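*Asks:* got a sequence here, can you model it:
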Amino acid sequence: MLSLTAKKTIEANGGIEIWQNSKYLEAEVSVRGLLFTLKRRPFFEHANIKMEIGRPFSKLTPIGKNKNIVGVLDGMDVRLEDKEGLIISERKNARKYFPYRRRLFYWDDLDMSYFANYAFWNYFTFPNLLLNKNIIWNEKEPGLLEANIPESIPTHSNIQEFRIDMSTGKLLQQNYTAMVVSKLATAANLVLDYSEENGLIFPSKRLITPQSKNGNATKWPVLVDIEVHKFKLTNDEIMLNK
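*Replies:* Sure, this is the predicted structure:
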């Protein structure tokens, strides 16, 4: 049974029907921040993301410096494809390689394919995750949800908190530990702005910083800065293969 906070959140994000009746999601994003610099990664500049809503499957183009290489998350596995969908390289059970050895200092295209795709899949499908029966949701208080996410879902950490504005139903902040970075990498994902496209309201500006001791966002350093330029839900399966 959905809590009052969950119901309010889903309603503010288009309602249950639009999420249950849509199969795919497409977005355009620009991302930068200290994490990219530390892992020696290029920023995302108007990168395109296409994903399935019902399961962790996501494609991000381009994933790195080569504009023709697509980074794909397929459950727990990742791969690189060219624009025609031919597999260039792949890595099974990608998470087991983090955060050790060279990944402490450098991420390759497959590493970023795993991290960026699962992160965006979680962020963008959040309203639908509230309907996921495999996730245990606990309303700690009105406006504060705690999620216990199973290992079968790639995500930052199993336990996460979501702070909701009960007057609007909008997500204000998401707290988690980015375990692929470090078990000490507690982060506050702050939603700074919302936009509307085709009648759907979505977070269009996010800023991710370390958490303070009380769980609030610190002012610096900016680990990740996210801007969402386009966002839409669809049932067009062809869209995912383009």
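*Asks:* give me the contact list for stretch 55-74.
*Replies:* Residues from elsewhere that reach stretch 55-74 (C-beta atoms under 8 Å, 6 or more residues apart in numbering): 41-42, 44, 47-52, 75, 78-83, 88, 109-110, 112-114, 116-118, 120-121, 153-154, 240. For every residue, glycine as well, the C-beta is placed using N, CA and C.
*Asks:* averaged pLDDT, the lengthiest helix in the chain. What do you get?
*Replies:* Criterion DSSP state H: the longest helix present in the chain is helix 109-124. On average, the pLDDT along helix 109-124 is 98.
*Asks:* for it, list every residue counted as buried.
*Replies:* Within helix 109-124, the residues scored as buried using 16 or more other C-beta atoms under 10 Å are 109-124.
*Asks:* likewise stretch 76-93?
*Replies:* Met76, Asp77, Val78, Arg79, Leu80, Glu81, Arg91.
*Asks:* can you dump the C-alpha atoms of it in PDB for me?
*Replies:* The C-alpha trace of stretch 76-93 is given here as PDB (Å, rounded to 0.1, in the frame of the first residue of the first chain):
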ATOM      1  CA  MET A  76      24.100  -5.900 -14.000                       C
ATOM      2  CA  ASP A  77      26.100  -6.000 -17.300                       C
ATOM      3  CA  VAL A  78      27.500  -3.200 -19.500                       C
ATOM      4  CA  ARG A  79      28.700  -3.000 -23.000                       C
ATOM      5  CA  LEU A  80      29.900  -0.500 -25.600                       C
ATOM      6  CA  GLU A  81      28.100  -0.400 -29.000                       C
ATOM      7  CA  ASP A  82      28.600   1.500 -32.200                       C
ATOM      8  CA  LYS A  83      25.800   3.500 -33.800                       C
ATOM      9  CA  GLU A  84      24.600   0.400 -35.600                       C
ATOM     10  CA  GLY A  85      24.300  -1.600 -32.400                       C
ATOM     11  CA  LEU A  86      27.300  -3.800 -32.900                       C
ATOM     12  CA  ILE A  87      29.100  -4.700 -29.700                       C
ATOM     13  CA  ILE A  88      32.600  -3.300 -29.300                       C
ATOM     14  CA  SER A  89      33.300  -4.600 -25.800                       C
ATOM     15  CA  GLU A  90      31.400  -5.800 -22.700                       C
ATOM     16  CA  ARG A  91      31.800  -6.400 -19.000                       C
ATOM     17  CA  LYS A  92      29.700  -8.900 -17.100                       C
ATOM     18  CA  ASN A  93      28.600  -8.100 -13.500                       C
END
